[in-house]
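*Asks:* predicted coordinates and the sequence they were generated for:
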Amino acid sequence: MTTFRISPAVADAFPDTLITVVGAGGLDGRAPWPRTAAAMEELERDLASGAWSPADESDPRIEAWHTAYRSFGTNPRRIRPSVDALGRRMAKKGTLPRISPAVDSYNAVSVRHGLPAGAFDLDHVTGDIGIRYAEGTETFTPLGEPDTVENPKPGEIIYADTTDVLTRHWNHRDAHRTRVTEGSTHVAFVLETLHATRDGHLLEAAAEELRGLLIPHAAATTVHHLTRKQPEATV
């Protein structure tokens with residue numbers, strides 16, 4: 001079992017934050033996931049026809065993350081929130097990347113709803129996961145760069161377990177060690193908003209949509225919520 005915990009300092013600085021964690025056990029990522037493939041193709045058709053487009057910097061959901069990034073010293077136009085980067089990439093190329101069924105699932109839900117999303121392979125997480133301000137002494141190995149070691153800036157918001165950093169700049173980039181692959185069977189998916197009062201219904205819909213994509217390929221799924229008043233949940 002892994003406990004996710006928002007630190008009091010982060011909860012006080014961003015009091016309307018809502019983080020939803022969708023847990024999935026017994027995942028089978030090696031077989032085709034036709035509902036995920038269909039969801040991605042539908043998004044791409046909607047973009048091509050003009051019926052839908054990804055949220056951009058003018059959208060309050062993205063703007064809120066830019067403001068948060070600036071508050072802890074990160075330039076969001078150089079280091080973009082994950083949903084912002086994914087949406088810009090899709091708007092430019094017209095397609096979403098195909099990585100693995102589980103990753104494709106949360107990417108499709110993230111860009112559809114304009115909310116950051118990520119995931120951790122819990123079999124490679126050590127201890128509990130904190131969402132907290134970095135001290136600057138922690139280490140981080142970026143996804144796809146197993147020989148690289150970075151240090152977060154002091155005051156940067158990170159996800160971290162007892163070994164090192166799992167995500168830098170709150171949700172910009174995940175770590176290589178806990179990446180989700182086709183072989184991952186025990187995964188925690190994370191969806192986030194800084195404005196639960198305004199966007200909580202979107203987050204709830206996104207979590208249910210993601211869970212719907214996971215259920216046919218998982219032995220069990222669970223949904224947990226973290227807020228200022230309820231700062232921890234065990235998956």
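*Replies:* Sure, I can see it.
*Asks:* after the longest helix seen in the chain, which helix or strand is next?
*Replies:* Longest among the helix segments of the chain by residue count, using DSSP state H, is helix 196-214. Next in sequence after helix 196-214, counting helices and strands by DSSP states H and E, comes strand 220-226.
*Asks:* picking up where we left off before, which strands and helices lie in contact with the longest helix of the chain?
*Replies:* strand 18-25, helix 34-49, helix 60-71, helix 101-113, strand 186-193, strand 220-226 (3 or more Cβ pairs under 8 Å, 6 or more residues apart in numbering; DSSP states H and E). In short, each C-beta sits where N, CA and C put it, glycine included.
*Asks:* and the ones you listed as a markdown table, adding mean pLDDT, distance to Asp128 and mean neighbour count?
*Replies:* As requested, the helices and strands packed on helix 196-214 are exported to a markdown table (pLDDT from 0 to 100; distance: least, Cβ to Cβ, whole Å; neighbours: other Cβ atoms under 10 Å):
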| stretch | mean pLDDT | distance to Asp128 | mean neighbour count |
| --- | --- | --- | --- |
| strand 18-25 | 98 | 12 | 23 |
| helix 34-49 | 98 | 29 | 16 |
| helix 60-71 | 98 | 23 | 18 |
| helix 101-113 | 98 | 21 | 25 |
| strand 186-193 | 98 | 12 | 25 |
| strand 220-226 | 97 | 12 | 17 |
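*Asks:* a markdown table please, covering these and showing distance to Ala175.
*Replies:* Formatted as a markdown table, the helices and strands packed on helix 196-214 follow (distance: least, Cβ to Cβ, whole Å):
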| stretch | distance to Ala175 |
| --- | --- |
| strand 18-25 | 17 |
| helix 34-49 | 23 |
| helix 60-71 | 19 |
| helix 101-113 | 14 |
| strand 186-193 | 13 |
| strand 220-226 | 20 |
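*Asks:* list the contacts of the closest residue to Pro216 other than its chain neighbours.
*Replies:* Spatial nearest neighbour of Pro216, excluding adjacent residues (Cβ to Cβ, 6 or more residues apart in numbering): Arg35 at 6.8 Å. The contact partners of Arg35, taken as Cβ atoms under 8 Å, 6 or more residues apart in numbering, are Gly212, Leu213, Pro216.
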